[in-house]
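Peer 1: Give me the fold of what follows.
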Amino acid sequence: MAFGASAGGLQAFREILENLDPNTGMAFVPVTHLAPDQKSFLSEIVERYTDMPVLSVEGGQRPLPNHLYVLLPNQSATLQEGVFRVEQRAANERFPPTIDRFFNSLAADQKNHAIGVVLSGADTDAALGLKAIKGEGGIALVQSLDTAMHSDMPRSSIASDHVDLIVPPAEIALELGRLAQQLSRTEVRSLEEGAISHVDEESFQRILQMLRGFSGLDLRQYKPDTIRRRIARRMLLLRIEHLPQYAKFLQSRTDVLRNLQEDVLINVTRFFRDPPFWESLRANVLPVLLEDRPPEKPIRIWCAGCSTGEEVYSLAIAVLEHLSQRGLDTPLQVFGTDASDQSIETARAATYPETLLTEVAPERLRRFFVKVDRGYQVARRVRDSCVFARQKPLLGSAVSPYRYSQLPQRHDLLQPGFAAPDDHDLPLRARARRIHASGYVRGIARLRRCLQHRRPQAQNLHENRRKSSFYV
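Peer 2: Predicted coordinates for the structure are as follows:
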C-alpha cells in the first residue's frame, strides 16, 4: 500500500505509524515531494515511530510484508510485476507527479489489493492516482480536511469523487489494520477467486437479482470474477465477513445497493485518455469520415458507457477542432449513455475539478473550458453538441442512438473485463448488426486496434463501409 504526502504530511504519517500495528502483513511506501537536491531525513525520522524495518527503495527489489520503503529525493518509482522500478527524476520536471505515477502503477499491478492513502499537501498530486486505485477495485482513503495542515491534496482527491473513507490519521491506522485482517480471511479470498460454496453462490445470484430489480441493470453477462471482486470490496468497507450476511443487508438498504451498483459499473475515465487513440482518430478517421460529405449533413457519434462524460466531451472537442481547421460549420451531436444515474448527472453538469484536467493541453483548456469556483466547466458550445441519457445497454432500449450515429465509440464498455465469453446473444449485439450499412460503422475492437497501431487499413473502413457491421 502507498501513502501520498506533501507539505504537512509528515506529521500525519507519524501519527499513523504511532497507531499502526507493525504486523499487518502489508508493505508500506510513503511517496513525498522533495527537491531533487534536498537531503532527506525521512528514513531516520520514521524509524523512531515504527518497529518495522525501514529501507530505501531500490530497482528490482520486491517489497516484503511488514516493511516500510522510502524514496530518495531524486527518485521516481513505479511497481511492475511486484517489484520496484526506479528512475531518476527528469531535470525539467518542476512539479513532477511523483505520487500519481506510483499510485497508477500500484493500481495496475495490485488491482483490487491496492490501497492508497492521501495525506496533507499543498498541491493536487495524488488525485488521479487515487482514482486509478479505486477504478481497479482497490481502497482509497483520505485524511480528513480538519486535521490536515494543508488541505489541497486531500480536497482535490475528495473532489474527484473516488474516495472510500475520509478520517483522521489515527483512524486511518486502525482502518488499515482492520483491512489487513479482513483481506487475509479465507471467506474474502474465496469470494475474489470464485471458489465459493453452494450457499454463497445462491447469495451471489440473489444479489444480481436485487441489482436488476433496483435499476433494471442485468449483470448476468458480466464476468462473474469482476462482480465478485467488487462485492468483496464493498464487504471490506462495510466490515461484513460473509456473503449471505451482505445479501441480507442489501435487502434492507437501498443506499448500500446503489453503492454496489456504482462500484460494479467501472466508471474511471479522464479527458483524452490514451493519447495514441486520439491522435489516430484525428489523423486517420476524421478525414475519412468527412471525405465527400456535404457540409450541412450532421455528424452524430454515440459514446456508450460514457461514465461521467469526459470522453464524450473529448470526442466533441476533437471533432470541433477538426472542423475548425477546415473552415467547416458541420452540425455535430454526440450521444452519451450510461447505466449510472450518478454518472449521467455529473456529465450533464460538465464541471470538473482542476485535478482531472491536468492532462488537457493549455490551448484546449483556454478554448473549450471556463474557470469556475469548483474547477472548470466545459464551454457552452461544446456542451450544446452533447446529449446525455441513462440507458441499460445489455437490456436494450426503445430508442437507441445506434440508429442515428455514424461513429459508435467506447473505450471501456467492450473491454475484456466487462462481458462474459458467452455473450453471443446480447440484445446489443443483435441490434448492432441491424444498423444501416451506409453509416461509418465498424467493430470497436478492430477499429481500436487499427487506430492504436496507426495501420493504413483505416482508409479501408471508409471504402468498405457499405458491407460493414458493428460487432460487440
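
Peer 1: so where's the longest helix in the protein?
Peer 2: helix 198-215 (DSSP state H).

Peer 1: Tell me which other helices or strands that one touches.
Peer 2: Contacts defined by 3 or more Cβ pairs under 8 Å, 6 or more residues apart in numbering; DSSP states H and E place helix 198-215 against helix 224-238, helix 243-252, helix 254-264. Heads up, the C-betas are built off the backbone N, CA and C, glycines and all.

Peer 1: which stretch among the ones you listed comes nearest residue 53?
Peer 2: helix 224-238 (27.0 Å; Cβ to Cβ).

Peer 1: Please spell out which residues along that closest one are buried.
Peer 2: With burial defined by 16 or more other Cβ atoms under 10 Å, the residues of helix 224-238 counted as buried are 224, 226-236.

Peer 1: just how off-centre is that helix within its chain?
Peer 2: Averaged C-alpha coordinates place helix 224-238 at 16 Å from its chain's average position (Cα atoms, centre = their mean, to the nearest Å).

Peer 1: Just the CA trace of it, in PDB.
Peer 2: The C-alpha coordinates for helix 224-238 follow below in PDB (Å, rounded to 0.1, in the frame of the first residue of the first chain):
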ATOM      1  CA  PRO A 224     -18.500 -13.200 -12.500                       C
ATOM      2  CA  ASP A 225     -15.000 -12.700 -11.300                       C
ATOM      3  CA  THR A 226     -15.300  -8.900 -11.900                       C
ATOM      4  CA  ILE A 227     -18.500  -8.700  -9.900                       C
ATOM      5  CA  ARG A 228     -17.200 -10.900  -7.100                       C
ATOM      6  CA  ARG A 229     -14.200  -8.600  -6.600                       C
ATOM      7  CA  ARG A 230     -16.400  -5.600  -6.400                       C
ATOM      8  CA  ILE A 231     -18.700  -7.300  -3.900                       C
ATOM      9  CA  ALA A 232     -15.700  -8.300  -1.800                       C
ATOM     10  CA  ARG A 233     -14.600  -4.600  -1.800                       C
ATOM     11  CA  ARG A 234     -17.900  -3.400  -0.600                       C
ATOM     12  CA  MET A 235     -17.900  -6.100   2.200                       C
ATOM     13  CA  LEU A 236     -14.500  -5.000   3.300                       C
ATOM     14  CA  LEU A 237     -15.600  -1.400   3.600                       C
ATOM     15  CA  LEU A 238     -18.800  -2.400   5.500                       C
END
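
Peer 1: That one - contacts with which helices or strands?
Peer 2: If contacts are counted by 3+ Cβ pairs under 8 Å, 6+ apart, helix 224-238 sits against strand 139-143, helix 169-183, helix 186-193, helix 198-215, helix 243-252, helix 254-264.

Peer 1: and those as TSV, adding mean pLDDT and mean neighbour count?
Peer 2: Putting the helices and strands packed on helix 224-238 into TSV (pLDDT from 0 to 100; neighbours: other Cβ atoms under 10 Å) gives the following:
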stretch	mean pLDDT	mean neighbour count
strand 139-143	95	26
helix 169-183	92	19
helix 186-193	71	16
helix 198-215	88	16
helix 243-252	92	17
helix 254-264	87	17
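
Peer 1: now the ones you listed as a markdown table including distance to residue 346?
Peer 2: Compiled in a markdown table, those are given as follows (distance: least, Cβ to Cβ, whole Å):
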| stretch | distance to residue 346 |
| --- | --- |
| strand 139-143 | 17 |
| helix 169-183 | 27 |
| helix 186-193 | 29 |
| helix 198-215 | 17 |
| helix 243-252 | 24 |
| helix 254-264 | 11 |
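
Peer 1: and residue 387, that's in a strand?
Peer 2: Yes: counting by DSSP: H, G, I helix; E, B strand; the rest coil, residue 387 falls inside a strand.

Peer 1: my guess is it contacts residue 344, does it?
Peer 2: No: in this structure residue 387 lies outside contact range of residue 344 using Cβ atoms under 8 Å: 10.7 Å.

Peer 1: shared neighbours of those two, which are they?
Peer 2: Taking Cβ atoms under 8 Å, 6 or more residues apart in numbering as the criterion, residue 387 and residue 344 both touch residue 336.

Peer 1: Can you pick out the residue with more neighbours from these two?
Peer 2: More neighbours surround residue 344 than the other of residue 387 and residue 344, with 21 against 16 (other Cβ atoms under 10 Å).

Peer 1: Tell me which helix or strand that one sits in.
Peer 2: helix 341-349 (DSSP states H and E).

Peer 1: can you give me how far that helix is from the chain middle?
Peer 2: Worked out by Cα atoms, centre = their mean, helix 341-349 lies 16 Å from the chain centre.

Peer 1: So what touches that helix?
Peer 2: With Cβ under 8 Å, 6+ apart as the test, helix 341-349 has contacts from 161, 262, 265, 267, 306-309, 312, 336, 338, 377, 386, 388-390.

Peer 1: which of these are buried?
Peer 2: Buried residues within the contacts of helix 341-349, defined by neighbour count using 16+ other Cβ under 10 Å: 161, 262, 265, 267, 306-309, 312, 336, 338, 377, 386, 388.

Peer 1: nearest to residue 19, of the helices and strands packed on helix 224-238?
Peer 2: Of all the helices and strands packed on helix 224-238, helix 169-183 comes closest under Cβ to Cβ, at 3.7 Å.

Peer 1: Which neighbouring elements make contact with the closest one?
Peer 2: helix 9-19, strand 115-118, strand 139-143, strand 165-167, helix 224-238.

Peer 1: how about a cut-off of 7 Å?
Peer 2: Helices and strands touching helix 169-183, by 3 or more Cβ pairs under 7 Å, 6 or more residues apart in numbering; DSSP states H and E, are helix 9-19, strand 139-143.

Peer 1: Please convert the helices and strands packed on helix 198-215 to CSV, extending it with distance to residue 211.
Peer 2: Converted to CSV, the helices and strands packed on helix 198-215 look like this (distance: least, Cβ to Cβ, whole Å):
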stretch, distance to residue 211
helix 224-238, 9
helix 243-252, 9
helix 254-264, 6
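
Peer 1: of all the ones you listed, which lies closest to residue 284?
Peer 2: With Cβ to Cβ as the yardstick, what comes closest out of the helices and strands packed on helix 198-215 is helix 224-238 (31.8 Å).

Peer 1: Pull out the buried positions in the host helix or strand of residue 376.
Peer 2: Using DSSP H and E, residue 376 maps to strand 375-378. Using 16+ other Cβ under 10 Å as the test for burial, strand 375-378 gives 375-378.

Peer 1: One more: stretch 355-364?
Peer 2: Buried residues in stretch 355-364, counting neighbours by 16+ other Cβ under 10 Å, are found at 355-357, 360, 364.

Peer 1: What is the neighbour count of residue 62?
Peer 2: Residue 62 has 10 neighbours, counted by other Cβ under 10 Å.

Peer 1: no wait, residue 44
Peer 2: 10.
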